[in-house]
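S.K.: fold the following for me, if possible:
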Amino acid sequence: MSTLSPVKAGSESRLETIGLRSVFHTKEFADFVRQHRLSSDGTPYRLDMYHPTTRTAVELDGDTGHDGSKNRGRDVSRDAALASVGILTLRFTYRDLTTRAPWCREMVRRTLAQRDDARLGLSATTDAWGRLSGPERHTPEIPGARAG
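M.R.: So this is what the prediction gives:
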């Protein structure tokens, strides 16, 4: 990857370049829009990574701009505003991205799968030990209806 490629791909910080080159760099993350802009109730937002099909945002939180209670409160308020329009935000820290890249990828994979299943009306089931299996087609129960 050339030096300019991360910038062309939407990287605006060192941490976003790490995410682009070393964490979320495989084909399975190609559907994410980098630096997606949107507004909710007149407030503009820019999402580091956005998956439009599942309405999932991934934020790469460096130490600058995301530390301290004031900044944390801003992030929580932002996540709540986005959730109110159906966008779930996953946040990863510098430490997560640089020391637990496989875990970060797995968390995003699982979230996308769950949100896509929900969008399609599929549900996963759990066994006696709480392990997920499925997905299976979800047929809502209708109160008072009998199985035929």
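S.K.: and the longest helix belonging to the chain, what other elements does it pack with?
M.R.: As far as residue count goes, and with DSSP state H defining each element, the longest helix of the chain is helix 101-120. Secondary-structure packing of helix 101-120 (3 or more CB pairs under 8 Å, 6 or more residues apart in numbering; DSSP states H and E): strand 56-61, strand 88-93, helix 94-99, strand 122-126. All C-beta spots, glycine's among them, are computed from the backbone N, C-alpha and C.
S.K.: pull out the buried residues from the second one.
M.R.: If I follow you right, that is strand 88-93. Residues of strand 88-93 classed as buried under the neighbour-count rule (16 or more other CB atoms under 10 Å) are 88-90, 92-93.
S.K.: with distance to Ala30 added, can I get these in TSV?
M.R.: Listed next are the buried residues of strand 88-93 as TSV, based on distance: CB to CB, whole Å:
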residue	distance to Ala30
Leu88	20
Thr89	20
Leu90	17
Phe92	19
Thr93	24
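S.K.: dump the residues you listed to TSV, plus pLDDT and distance to Thr54.
M.R.: Formatted as TSV, these follow (pLDDT from 0 to 100; distance: CB to CB, whole Å):
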residue	pLDDT	distance to Thr54
Leu88	96	8
Thr89	97	12
Leu90	97	11
Phe92	94	17
Thr93	91	22
